[in-house]
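Q: From the sequence below, what's the structure:
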Amino acid sequence: MANGGGGGGGSSSSGGGGGGGGSSLRMSSNIHANHLSLDASSSSSSSSSSSSSSSSSPSSSSVHEPKMDALIIPVTMEVPCDSRGQRMWWAFLASSMVTFFGGLFIILLWRTLKYLWTVCCHCGGKTKEAQKINNGSSQADGTLKPVEEKEEAVAAEVGWMTSVKDWAGVMISAQTLTGRVLVVLVFALSIGALVIYFIDSSNPIESCQNFYKDFTLQIDMAFNVFFLLYFGLRFIAANDKLWFWLEVNSVVDFFTVPPVFVSVYLNRSWLGLRFLRALRLIQFSEILQFLNILKTSNSIKLVNLLSIFISTWLTAAGFIHLVENSGDPWENFQNNQALTYWECVYLLMVTMSTVGYGDVYAKTTLGRLFMVFFILGGLAMFASYVPEIIELIGNRKKYGGSYSAVSGRKHIVVCGHITLESVSNFLKDFLHKDRDDVNVEIVFLHNISPNLELEALFKRHFTQVEFYQGSVLNPHDLARVKIESADACLILANKYCADPDAEDASNIMRVISIKNYHPKIRIITQMLQYHNKAHLLNIPSWNWKEGDDAICLAELKLGFIAQSCLAQGLSTMLANLFSMRSFIKIEEDTWQKYYLEGVSNEMYTEYLSSAFVGLSFPTVCELCFVKLKLLMIAIEYKSANRESRILINPGNHLKIQEGTLGFFIASDAKEVKRAFFYCKACHDDITDPKRIKKCGCKRLIYFEDEQPSTLSPQKKQRNGGMRNSPSSSPKLMRHDPLLIPGNDQIDNMDSNVKKYDSTGMFHWCAPKEIEKVILTRSEAAMTVLSGHVVVCIFGDVSSALIGLRNLVMPLRASNFHYHELKHIVFVGSIEYLKREWETLHNFPKVSILPGTPLSRADLRAVNINLCDMCVILSANQNNIDDTSLQDKECILASLNIKSMQFDDSIGVLQANSQGFTPPGMDRSSPDNSPVHGMLRQPSITTGVNIPIITELVNDTNVQFLDQDDDDDPDTELYLTQPFACGTAFAVSVLDSLMSATYFNDNILTLIRTLVTGGATPELEALIAEENALRGGYSTPQTLANRDRCRVAQLALLDGPFADLGDGGCYGDLFCKALKTYNMLCFGIYRLRDAHLSTPSQCTKRYVITNPPYEFELVPTDLIFCLMQFDHNAGQSRASLSHSSHSSQSSSKKSSSVHSIPSTANRQNRPKSRESRDKQKKEMVYR
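A: From the prediction side, this is the model:
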């Protein structure tokens, strides 16, 4: 085979192509067998040569005619090549084989010599040690000297070799930037060399090429020079040279690099084994990991499978392409067939898939032999890899992309408890049409993919909502949702979880993860338990001044219920104010018509016009109500040091400043703009408020660019209506006589007795043991409690704590005088109440009756028919799987109370309703009846008339509370009669606070101030330290904190406003109360059947929020109002308050107890009151 490949076996001496026998070269003019494309000159030259050869030896040609055209080497006039067409494939293959086996031989020889040298040195060392021992220490110094020199030389040599090896290791290591660049560059050049192979595969297997004219050969040469250098670095850095020599990447270099240098030397190229470069694709996943593109195990596994499959496929196709286009060597390369590389790729795919169409198949023996073995491995790989690849692709997260921020549009991230219910409630409120152009995109992040219903909900809001699957605990997922550029992050809690503390811990961990990733992000999170809010203060980057807020559901829920104890129905009104409700118009004159008109009102904020500057708050409030049809209840006041505070109905001492932010109750945001656009010069004579729009008058607009809903909260003090805190500006001090501390407060400062907590916000007493406040049924029955609050609590030793402190704190606010505090009696399991007592033992006037709310004997013992409010709570609501049964205990207790009957003789005892007398009115004067905090029936003979508020978990269970209503089970909670009447409350109504707080964080501060009785961040920090209120001595600063308004109910049946109660207008009442007593009215609590012409026995009432000016009043109405703190109201009872505070009597009788009066005493009401006061002084129960 010295002459390469030609067909035939002739003996002509002139032949340059005969195989073995030197037969003549038969140059065919048709060269499709080799896929050659020769130019015209080459074709004519070949034809001429073929004709000459045929004529010189015709006989030989006819005898030795081959079966197919011979494989030839194309010869061009420009490329000096072997004119005889001799093939040199063996030279290319030999260069690779010599390199591989030569290097392998050298490595093995080196290892053998090294091993022998080590053995010899080991034996010599032992001999020298023996000589050293025999010769003694004197000769040892002289003999060891040359040995030490040799060891130093060896150490120097080893140090130099180690340095070079370490340098080479650093160069190829992916742990350094240089190494990563080098590894990526080698991979990229390997792919480039593979692309060149794809291009060259369209040429013959072997052809003559000039290195200086062939551009692809030059590029391939440059690549392989780089590969050679990189091979040297790898060789130096390798610890085990033998294993390195046998690596796949090394074998690829052996069979691809040397043939390129042979090509340059021989001026010809051989396609050969260059397809082995496809094996470099196996490292594709490693490269992507070096570049931090692949981070998840699934993605790494997928890329690994794909790279192995594709590289094996392309490599096998290259081998088939080589042997099929070359032919079998023992057949003199005559049985070749012309196949393109991509046809071979196709052949390998149909072979692996066991389809085998038969249109393309292997003809050579080498090709068929290879296919026999390949189909075994290829079929196994296809059967295992392809299904796994499909599974990985199929299991790829549908919502695993990244959020792309839209320029000019903000986005928020919502995470936590993502369910159909929580998301639908959130979106319904967040995207409500009454909000002024919500240009915010909502990005939900949750680690569980949404179900079909939730997915459909996302699709309905696809223009403003996106969902991504992931966890906020994973920084990679936080980067995907662009948390660093988000406007805020909202965390939803599972209100119905079995373990509230675990749910709070999960949300706190979410806050920690988000704050750790981006400390400046604003976070609004829901919390279930009040005591867990303290853990948020441990997060260094948590800062409520920057807008971070924690909405504690237990705190607000119990706070709403507590306010209903002071003004029944207030919980419904406040819940409707911060929830977005669409207006539902009803033509019929029913109670639903007036209720729904009030439901459409919400809380908004807007900057006040410069026309209001210098006016007092009541004046501006009256002007807004009468002329602008707006109800302003509070303002954000900036003190001299630019710290802003929210003041609720501050009174006539305060003058409006420029840029003051007002809090309004209105039906939509457009109406509130009137307060900003109002101009006295242009709008003074306008009667239609809709015509009040922006005028052309010059005004201060320095605050016009700011968003009214997001007033910079950097230095906001969230202390509600505390006007005289130590840090307040002197401008806020009232100088009218009403604000001068009364005699009782002066005595308090002198008496060195702790009556309030250290902040002055709540009434306080020394800690009491629970045994001292426990009443037995007989003890309770021997006393007559009245005007008190009965709390029916279901819970046991294993129940989750609901935080009763949040219920008691608003009822012990310091803006009540001590004699105005309602006694609180808990009826429930003593085991549960013992667990709650640690947070309750600092509050006065608290008693416990061990028992069950389902026992009528216990209820009668606490005089439930004489209470101001009965609260029904349950701590066992979240331990039941069936949601419809979660409220069974509360419903049963409510129905049990309503079905009770009472003796009419008890009705002679009138409840001591904790009312108030407006400033300037004499409480004892018969002409000026007190303004009742709660209008009570003269006698309660049936439990239906007992004021009750029941907490529900499941909204749909509200239908079971009232058996005589006609509420549909699918009716929304706020449309049901129990909710409208204020007798039912569900925690779900608090979901709206999330979106309300995002758009205006002042709303949450306002709600908390109204509901909690004055909880401040300072107080929360104190509770976080000690988990209890700390008593403090009364100082002018702490006593000044009592000067804050509170919610009450104004009775129209008698008193100074009785003349307006019979057919008067609500607007007249509003103006009279505001001008005369600085009381701000904001709603009506009306009998359900008051609109009927015929009298009704129904005592149910419903809430009307912010009625219009011309709304007609009826005598039985109760008016919701914000009243000022009355310093003089406690003077007449100073001695009583002091005695009650300082008394340490262990008597177990109520502070509101009364003996049953005689019939004669009923005719003399003032005398009866004095006797009751005397009894209360003597029989104090603490």
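Q: Residue ranges in the stretch 151-300 of the chain under the pLDDT threshold?
A: The stretch 151-300 of the chain contains residues with pLDDT under 70 at 151-161.
Q: Look at stretch 1022-1031 and report the distance between its end residues.
A: One end of stretch 1022-1031 sits 11 Å from the other (C-alpha to C-alpha, to the nearest Å).
Q: now stretch 1058-1070
A: Note: stretch 1058-1070 ends 13 Å apart using C-alpha to C-alpha.
Q: what residues does it touch?
A: The contact list for stretch 1058-1070 (C-beta atoms under 8 Å, 6 or more residues apart in numbering) reads 622, 625-626, 1052-1053, 1057, 1072, 1081, 1084, 1107-1115, 1117, 1119. Where you see a C-beta, it was placed from the backbone N, CA and C, and this is true even at glycine.
Q: ok, which stretches of the stretch 501-650 of the chain are helices?
A: With helices called from DSSP state H, counting those that start in this stretch, the stretch 501-650 of the chain shows them at 533-536, 553-566, 570-577, 591-599, 617-626.
Q: Export those helices to a markdown table and append columns for mean pLDDT and mean neighbour count.
A: Converted to a markdown table, the helices of the stretch 501-650 of the chain look like this (pLDDT from 0 to 100; neighbours: other C-beta atoms under 10 Å):
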| stretch | mean pLDDT | mean neighbour count |
| --- | --- | --- |
| helix 533-536 | 88 | 19 |
| helix 553-566 | 93 | 25 |
| helix 570-577 | 91 | 26 |
| helix 591-599 | 89 | 21 |
| helix 617-626 | 92 | 21 |
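Q: what would these look like in a markdown table with distance to Q209?
A: As requested, the helices of the stretch 501-650 of the chain are arranged in a markdown table below (distance: least, C-beta to C-beta, whole Å):
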| stretch | distance to Q209 |
| --- | --- |
| helix 533-536 | 74 |
| helix 553-566 | 80 |
| helix 570-577 | 86 |
| helix 591-599 | 88 |
| helix 617-626 | 93 |
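Q: right, so of those, which gets closest to F105?
A: helix 533-536 (70.7 Å; C-beta to C-beta).
Q: Give me the subset of the contacts of stretch 1058-1070 that lies in helices.
A: Residues of the contacts of stretch 1058-1070 located in helices (DSSP state H): 622, 625-626, 1072.
Q: Just put these in TSV and tack on distance to F370.
A: Compiled in TSV, the ones in helices among the contacts of stretch 1058-1070 are given as follows (distance: C-beta to C-beta, whole Å):
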residue	distance to F370
E622	99
F625	95
V626	98
K1072	105
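Q: Report how many residues lie close to G169.
A: 18 (other C-beta atoms under 10 Å).
Q: which other helices and strands contact the longest helix along the chain?
A: Determined from DSSP H, the single longest helix within the chain is helix 89-135. The elements that helix 89-135 packs onto, with contact taken as 3 or more C-beta pairs under 8 Å, 6 or more residues apart in numbering; DSSP states H and E, are helix 137-172, helix 241-245, helix 248-254, helix 257-266.
Q: Name the residues of the last one that come out as buried.
A: The one in question is helix 257-266. Of the residues in helix 257-266, those buried by neighbour count under the rule 16 or more other C-beta atoms under 10 Å are 257-260, 262-264, 266.
Q: The third one now?
A: Along helix 248-254, the positions that meet the burial threshold by neighbour count (16+ other C-beta under 10 Å) are 249-254.
Q: The helices of the stretch 501-650 of the chain: which one's closest to R856?
A: Closest of the helices of the stretch 501-650 of the chain to R856 is helix 553-566, at 22.0 Å (criterion: C-beta to C-beta).
Q: so the closest one versus helix 570-577, what angle?
A: Calculated by axes from the mean of the first three to the mean of the last three C-alpha atoms, to 10 degrees, helix 553-566 forms an angle of 130 degrees with helix 570-577.
Q: To what extent is I586 buried, counted in neighbours?
A: For I586, the number of neighbouring residues by other C-beta under 10 Å comes to 13.
Q: mind listing what it touches?
A: Counting by C-beta under 8 Å, 6+ apart, I586 touches 592-593, 596.
Q: Turn these into TSV, columns for distance to R581.
A: Output for these, formatted as TSV (distance: C-beta to C-beta, whole Å):
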residue	distance to R581
Q592	13
K593	15
L596	8
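Q: closest to P853 among those residues?
A: Of all those, Q592 has the smallest distance to P853: 31.3 Å, by C-beta to C-beta.
Q: ok, now how distant is the spatially closest residue to that closest one that is not a sequence neighbour from V1103?
A: Excluding its sequence neighbours, the residue lying closest to Q592 (C-beta to C-beta, 6 or more residues apart in numbering) is I586, at 5.6 Å. Distance of I586 to V1103, given as C-beta to C-beta, to the nearest Å: 16 Å.
Q: cool, S299 as well?
A: Distance, S299 to V1103, using C-beta to C-beta: 57 Å.
Q: Ok, P259 next?
A: In this view, P259 and V1103 are 92 Å apart by C-beta to C-beta.
Q: Could you pull up the contacting residues of L528?
A: Counting by C-beta under 8 Å, 6+ apart, L528 has contacts 493, 495, 497, 500-501, 503-504, 552-554.
Q: Those residues in strands, which ones?
A: Among the contacts of L528, the ones falling in strands (DSSP state E) are C552.
Q: hang on, the earlier thing: of S299 and V1103, who's got more company?
A: V1103 (26 against 17).
Q: is it true that the more buried one lies in a helix?
A: No. Assessed with DSSP: H, G, I helix; E, B strand; the rest coil, V1103 is strand; it does not lie in a helix.
Q: Thought I393 was touching L305, still the case?
A: No. Contact between L305 and I393 fails when scored by C-beta atoms under 8 Å: they sit 10.2 Å apart.
Q: Assign a three-state SS to the residue positioned nearest the centre of the chain, would you?
A: Central residue of the chain (C-alpha atoms, centre = their mean): C415, 2.8 Å from the mean position. Here C415 is strand, with the state taken from three-state DSSP.
Q: ditto for S299
A: Secondary structure assignment for S299 (three-state DSSP): helix.
Q: just to revisit the earlier point, looking at the contacts of L528, spot the one nearest N806.
A: Distance to N806 across the contacts of L528 (C-beta to C-beta) is lowest for A554, with 5.9 Å.
Q: now that closest one: how far from S798?
A: Separation of A554 from S798 (C-beta to C-beta) stands at 18 Å.
Q: Run through who's touching the helix or strand A675 falls within.
A: Using DSSP states H and E, A675 sits in helix 669-677. Helix 669-677 has contacts (C-beta under 8 Å, 6+ apart) with 434-436, 604-609, 612, 624, 628-630, 632, 662, 664, 666, 683, 689, 692-695, 708.
Q: what mean pLDDT does that helix have?
A: In this model, helix 669-677 has an average pLDDT of 88.
Q: and the angle for that helix with helix 617-626?
A: Using the same axes, to 10 degrees: helix 669-677 against helix 617-626 is 130 degrees.
Q: follow-up on the earlier one: tell me the one of the buried residues of helix 248-254 nearest L228?
A: Comparing the buried residues of helix 248-254 against L228 with C-beta to C-beta places D253 closest, at 7.6 Å.
Q: Spit out the contact partners of that closest one.
A: By C-beta under 8 Å, 6+ apart, the residues touching D253 are 227-228, 231.
Q: repeat that for 7 Å
A: D253 sits next to 227, 231 when contact means C-beta atoms under 7 Å, 6 or more residues apart in numbering.
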